[in-house]
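Visitor: structure for this input, please:
(2 chains)
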Amino acid sequence: MENPRYWRLKKQRYSLLGEVCPHCDSKIFPPRDICPECGGEAKTDFAFSGKGKVYSYTVMRDAPAGYEQNAPYTVAIVALDEGPMVTAQLTDLGEEPVRIGMPVEMVTRKLREDGEKKGILVYGYKFRPICFHENSQPASQGQAG
Amino acid sequence: MEKNQPASKLLRTDRKTGIVGYGAYIPRYRLPGSEVAMLWTGSPKGSPVKEKAVAGLDEDVITMSIEAARNALVRANIDASELRAVWVGSESHPYAVKPSGTLVAEAIGASNDIQAGDWEFACKAGTEAMVAAIALVGSGMGRYALAIGMDTAQGKPGDALEYTASSGGAAFVIGPREEAIVNIEATYSFVSDTPDFWRRPEQKYPEHGQRFTGDPAYFKHVESAGRVMLEELGMKASDFTYAVFHQPNPRFPLKAGKDLGFTEEQIKPGLLVPVIGNTYAGASMVGLTAILDIAKPGDRILQVSYGSGAGSDAFYLEVTEKIAERRELAPSTADYLARRTEINYATYARFRGKIDMG
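Guide: Numbers count the residues shown, from 1 in each chain, chains lettered A, B, ... in the order given. As a prediction, this is how the structure comes out:
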């Protein structure tokens, strides 16, 4: 039962809400209030576009506790267009094989169910192959902050 | 209210409203009807639909509502923080107690200053939310309200509904007339206590009254709502470009439409049930999104939903010249239809939690 942690992380988990550094304009994810590039204070919200590319990936066949029902599934390091790398599951892969450099977009999905059908449902970001035409922008909310 | 045409049964707001953004969501997996037929009858024939849309392992009404809502917000060209209501209508909310609306609102970036209750009225929960959103905006309580109809419908293995019970839906941002891509001219609802389809608490699958679901239920309510709407407007079916009805199977909406005077050409563009199945609370709403993807300014649309238990909401809609610039901003319903991965019954059983993992 980790409800306080899920609750605390909901903004970043549901919609890739990170931060932007007011000093050097670095985009920061996950939010940490200190810019990893210049060391300055960085508390301004920034909504990532959700677009990125697969930097590396692996297939999980022996899943950790809580994720068994989804195995096998693919976990990737995704390089977001704005710079940061995030680790996340890939979803809705269809017949297309995963490849390094594959363009992906963020979707909010159910990550796991807590506690034997009695606990809370945990939601968060995953990435799927970009599958719609160029001028579509389905992934994320507008600029926050 | 005293000036609001007291003799009319139609619901109209003093402050004019419209749809300012719409968004569809259809999951990518498709279960062919022949798979279901083969399993239970030994023959691939007999399914009323070609295939139905199936939510993936990590999808539910909340996640699908989030994507449809994001599409609707992009088309509305507003920030989510301007919404004053986020309402989700469904008969498959992931929690029995804990609103879907708050989580959807948080994920799309809505503010904390909103209404966010969930709606339940079998397959018309989504259009009930639309009527409420129209009232909220039309009263001036808020500038924008988001109404969603979304379902991951439950079909008991071997039941007739298993061919059609599917996943998907749509979201609509209701807002002021001056920003509308579709003007909402009037609504009308017709309800009665009718025991055609129900699910008791803690039951996994619904029960239904077999053939009782037809004449006294679907047809009586859909046709009453449609007929009263046409009579009160002093209009006839041929005055409309399109009509979209709740679509539990391909036959019902075509017959109801025909009884009201509509042709197949008016109904077919919004008739998605042959290729996605019955998305329950999402059915007439996602059908409407397919029409809006192709509609032209000035086109008139009649939408009539149906929810068991029972009732129908009818909407008289007129497309504005703003449609062309805004519909390209998000994926079309045809895009979602084309994104398709066929699955077999075993994968379907796994995705929909029909395998007991112990």
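
Visitor: show the residue spans covered by the strands in the stretch 51-200 of chain B.
Guide: Here the stretch 51-200 of chain B has its strands, by DSSP state E, counting those that start in this stretch, at B:51-54, B:83-89, B:118-119, B:144-152, B:167-176, B:182-191, B:197-198.

Visitor: centre of the chain to the last one, how far?
Guide: What that stands for is strand B:197-198. On the basis of Cα atoms, centre = their mean, to the nearest Å, strand B:197-198 sits 18 Å off its chain's mean C-alpha point.

Visitor: what are the pairing partners of it, and which direction each?
Guide: Partner strands for strand B:197-198, per DSSP bridges, with pairing direction: strand B:207-208 (antiparallel).

Visitor: how many neighbours does the nearest residue in space to B:Val244 that is not next to it in sequence have?
Guide: Excluding the flanking residues, the one nearest B:Val244 by Cβ to Cβ, 6 or more residues apart in numbering or on different chains is B:Gly270, at 3.4 Å. C-beta coordinates here come from the backbone N, C-alpha and C atoms, glycine included. When neighbours are defined as other Cβ atoms under 10 Å in any protein chain shown, B:Gly270 has 27 of them.

Visitor: please tell me how far B:Gly270 sits from B:Pro253.
Guide: 9 Å (Cβ to Cβ, to the nearest Å).

Visitor: could you do B:Arg227 as well?
Guide: For B:Arg227, the distance to B:Pro253 - Cβ to Cβ - is 15 Å.

Visitor: the more surrounded of those two?
Guide: The neighbour comparison of B:Arg227 against B:Pro253 (other Cβ under 10 Å) goes to B:Pro253, with 28 against 17.

Visitor: can you pull the phi/psi pair for the more buried one?
Guide: Per-residue torsions, B:Pro253: phi -70, psi -30 (degrees, to the nearest 10).

Visitor: so who does it touch?
Guide: B:Val222, B:Val244, B:Phe245, B:His246, B:Gln247, B:Ile267, B:Leu271, B:Val273 (Cβ atoms under 8 Å, 6 or more residues apart in numbering or on different chains).

Visitor: in a markdown table, list these along with pLDDT, secondary structure and neighbour count.
Guide: Putting the contacts of B:Pro253 into a markdown table (pLDDT from 0 to 100; DSSP: H, G, I helix; E, B strand; the rest coil; neighbours: other Cβ atoms under 10 Å in any protein chain shown) gives the following:
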| residue | pLDDT | secondary structure | neighbour count |
| --- | --- | --- | --- |
| B:Val222 | 98 | helix | 28 |
| B:Val244 | 98 | strand | 30 |
| B:Phe245 | 98 | strand | 32 |
| B:His246 | 98 | coil | 31 |
| B:Gln247 | 98 | coil | 30 |
| B:Ile267 | 98 | helix | 23 |
| B:Leu271 | 98 | coil | 20 |
| B:Val273 | 98 | helix | 27 |
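
Visitor: buried residues, the one helix or strand A:Thr74 maps to. List them.
Guide: Following DSSP states H and E, the helix or strand that holds A:Thr74 is strand A:73-80. Within strand A:73-80, the residues scored as buried using 16 or more other Cβ atoms under 10 Å in any protein chain shown are A:Tyr73, A:Thr74, A:Val75, A:Ala76, A:Val78, A:Ala79, A:Leu80.

Visitor: show me what the helix or strand following it is packed against.
Guide: Per DSSP H and E, the first helix or strand lying C-terminal to strand A:73-80 is strand A:85-90. Here strand A:85-90 touches strand A:51-60, strand A:73-80, strand A:103-113, strand A:121-129, going by 3 or more Cβ pairs under 8 Å, 6 or more residues apart in numbering or on different chains; DSSP states H and E.

Visitor: need the mean per-residue confidence for the shortest one.
Guide: The one in question is strand A:73-80. Mean pLDDT, strand A:73-80: 98.

Visitor: likewise for stretch A:39-55?
Guide: The average pLDDT within stretch A:39-55 is 97.

Visitor: distance between the ends of that stretch?
Guide: One end of stretch A:39-55 sits 26 Å from the other (Cα to Cα, to the nearest Å).

Visitor: repeat that for stretch A:3-17.
Guide: 19 Å.

Visitor: so which of the helices and strands packed on strand A:85-90 is nearest chain B?
Guide: Checking the helices and strands packed on strand A:85-90 against chain B by Cβ to the nearest Cβ gives strand A:103-113 as the closest, at 4.0 Å.

Visitor: and the nearest residue in space to A:Ile28 that is not next to it in sequence, what element?
Guide: Leaving aside its sequence neighbours, A:Ile28 sits nearest to A:Glu19 (Cβ to Cβ, 6+ apart; 4.3 Å). For A:Glu19, the host element (DSSP H and E) is strand A:17-20.

Visitor: counting by contacts, list what that strand packs against.
Guide: strand A:27-28, strand A:44-47.

Visitor: most tightly packed of those?
Guide: Mean neighbours per residue, mean count of other Cβ atoms under 10 Å in any protein chain shown, is largest over those for strand A:27-28, with a mean of 21.

Visitor: any idea how far it is from the chain center?
Guide: 13 Å.

Visitor: give the pairing partners of that strand; include direction for each.
Guide: When DSSP bridges is applied, strand A:27-28 pairs with strand A:17-20 (antiparallel).

Visitor: may I see the buried residues of strand A:73-80 organised as a markdown table, with distance to A:Ser56 added?
Guide: Converted to a markdown table, those look like this (distance: Cβ to Cβ, whole Å):
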| residue | distance to A:Ser56 |
| --- | --- |
| A:Tyr73 | 15 |
| A:Thr74 | 11 |
| A:Val75 | 10 |
| A:Ala76 | 7 |
| A:Val78 | 9 |
| A:Ala79 | 9 |
| A:Leu80 | 14 |
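
Visitor: tell me which parts of chain B are close to chain A?
Guide: Residues of chain B lying close to chain A (Cβ under 8 Å from any Cβ of the partner chain) are B:28, B:56-60, B:62-63, B:66-67, B:70-71, B:73-74, B:79-80, B:94-95, B:98, B:103, B:106-109, B:328-331, B:335, B:339, B:341, B:357.
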